[in-house]
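[1] Got a sequence here, can you model it:
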Amino acid sequence: MTFQITVQPSGHQFACEDDETILAAAMRAGIGLPYGCKNGACSSCKGKVLEGSVVHKPHQERALPADEAAKGVSLFCCAVPQGDLVIEAREVAGSDDYPIRKMPSRVSTLEKVASDVIIMTLQLPANETLKFRAGQYIEFMLRDGKRRSYSLASPPEQDQPLSLHIRHMPGGLFTDQVFSTLKERDILRFEGPMGTFFVREDSDKPMVLLASGTGFAPIKAIVEHLRAQGSQRQMTLYWGGRRPQDLYMDALCREWAMQMPNFKYVPVLSNLLPEDHWAGRTGFVHQAVMADLPDLSGHQVYACGAPIMVDSAKKDFAAQCGLPEEEFYADAFTTEADINK
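    Numbering: from 1, shown residues only. Prediction:
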């Protein structure tokens, strides 16, 4: 059975099968609903059901608390309609400009830049290119139909190869392979580009770029893309880690700060040891933003990294710094462990 979904306030309509999620149907129809993880962990696809009802597939309670669900709030990546629906969602212009493709790739290089981070580059087949927006991600298609998502760290202007920053998650299906048996020239298949986390280029508002860990990867793509476009927008990067080695491309960020008058870099560390001899900022990275910029009402924020950092920033920036909800763009890096909580 096929149901009709109407999106407000745009009035756009699309068809959804009775065993299909709202997000999957919207993507198939070219309707740009916001999304990130697609598995009920990050809450990027959250919206409201105005008319009709849905049943949710398994998801994290943190992403959709019971009190919100009782008010009609829904995670569209997990919501299956029980009939025709009217939903409320903010559509993302340009999210479907580039078609999602399945492509083979060859591992070009594997560079270990920290004890738990490898930068992997992928070479596409001859005469093939991947068109994407700075900030988007790809999904590796693994055995048994499983998938793993990684943000593109290279800007769309860069010719091949594509660059990805991969953190080792001990016991992880894919990262154990990357850190042990994967080698140069191996073939990997992926699908992409995906996600609605990308720079909005129709604004000239100053940007706060907020990253933790390998959440730096899509932020790097955004900075390098804007630089290639000759953008003069003000950018301030706050990159958080536990200890200095977590800021595995610190030298590059400092180079940007020296070369780009409109770019500022603020590294922040939270779990220092005496032998680190750190003279910089300490504490939680989103709190460093709040200390420097108590009024965010005229800014855009792009946040990427651990879900707890993204969630805290979204809540605190709105409540305490006046950031408009629609100017907070995020990609929470959910792991298999996050999904199964």
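[2] Count residues in the vicinity of Phe216, would you?
    Phe216 is surrounded by 29 other residues when neighbours are defined as other CB atoms under 10 Å. In short, each C-beta sits where N, CA and C put it, glycine included.
[3] Assign the closest residue in space to it that isn't next to it in sequence to helix, strand or coil.
    In space, and not counting its chain neighbours, Phe216 is closest to Trp239: 5.7 Å by CB to CB, 6 or more residues apart in numbering. Reduced to three states with DSSP: H, G, I helix; E, B strand; the rest coil, the structure at Trp239 is strand.
[4] please renumber so the chain begins at 43
    Noted, 43 is the first residue going forward, which turns the last one into Trp281.
[5] Does the nearest residue to Arg284 once chain neighbours are set aside belong to a helix, a strand or coil?
    Using CB to CB, 6+ apart and skipping the chain neighbours, the partner closest in space to Arg284 is Asn313 (3.9 Å). When the structure is reduced to helix, strand and coil (three-state DSSP), Asn313 reads as coil.
[6] Isn't the residue nearest to Phe258 up against Arg296?
    No - if you go by CB atoms under 8 Å, Trp281 and Arg296 don't touch, sitting 10.9 Å apart.
[7] Around the residue nearest to Arg284, how many other residues sit close by?
    Neighbours of Asn313 using other CB under 10 Å come to 10.
[8] As a check, name the ranges of all helices in the stretch 43-192 of the chain.
    64-71, 108-112 (DSSP state H, counting those that start in this stretch).
[9] Quick check: which of those is buried the most?
    Between these, helix 64-71 has the highest mean count of neighbours, a mean of 21, where neighbours are mean count of other CB atoms under 10 Å.
[10] Show me what that one is packed up against.
    If contacts are counted by 3 or more CB pairs under 8 Å, 6 or more residues apart in numbering; DSSP states H and E, helix 64-71 sits against strand 44-50, strand 55-59, strand 121-123.
[11] for this protein, which spans come out with low pLDDT?
    Per-residue confidence of the chain (counting by pLDDT under 70) places the weak regions at 135-138, 202, 376-383.
[12] Let me see the domain layout of it.
    Structural domains assigned to the chain are 44-130, 143-236, 249-381, following automatic domain parsing.
[13] Distance to Arg242 for those domains - can I get that in JSON lines?
    Output for the domains of the chain, formatted as JSON lines (distance: least, CB to CB, whole Å):
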{"stretch": "domain 44-130", "distance to Arg242": "12"}
{"stretch": "domain 143-236", "distance to Arg242": "10"}
{"stretch": "domain 249-381", "distance to Arg242": "7"}
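[14] Surely Ala361 is in a helix?
    Yes - the secondary structure assignment for Ala361 places it in a helix, going by three-state DSSP.
[15] how close does it get to Gly74?
    To Gly74, Ala361 is 28 Å away according to CB to CB, to the nearest Å.
[16] These two: who's more crowded?
    Per other CB under 10 Å, whichever of Ala361 and Gly74 has more neighbours is Gly74, with 20 against 9.
[17] number of nearby residues for Leu47?
    I think there's a mix-up here, since residue 47 is Ile and not Leu. By other CB under 10 Å, the burial measure for Ile47, its neighbour count, is 24.
[18] Distance check, it against Leu230.
    Ile47 sits 34 Å away from Leu230, taking CB to CB as the criterion.
[19] hang on, the earlier thing: compare Trp281 and Arg296 and say which is more crowded by neighbours.
    Applying other CB under 10 Å to Trp281 and Arg296 shows that Trp281 carries more neighbours, namely 26 against 13.
[20] so what's the more buried one up against?
    Ala253, Ser254, Phe258, Ile261, Leu289, Asp292, Cys295, Tyr307, Val308, Pro309, Val310, Val327 (CB atoms under 8 Å, 6 or more residues apart in numbering).
[21] Sort out for me which of the residues you listed are in helices.
    Judged by DSSP state H, helices contain the following of those: Phe258, Ile261, Asp292, Cys295, Val327.
[22] Next, format the residues you listed as a markdown table and append distance to Thr171.
    Supplementary listing: those in a markdown table, determined by distance: CB to CB, whole Å:
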| residue | distance to Thr171 |
| --- | --- |
| Phe258 | 24 |
| Ile261 | 23 |
| Asp292 | 31 |
| Cys295 | 28 |
| Val327 | 34 |
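[23] and of the residues you listed, the nearest to Val134?
    Comparing the ones in helices among the contacts of Trp281 against Val134 with CB to CB places Ile261 closest, at 18.5 Å.
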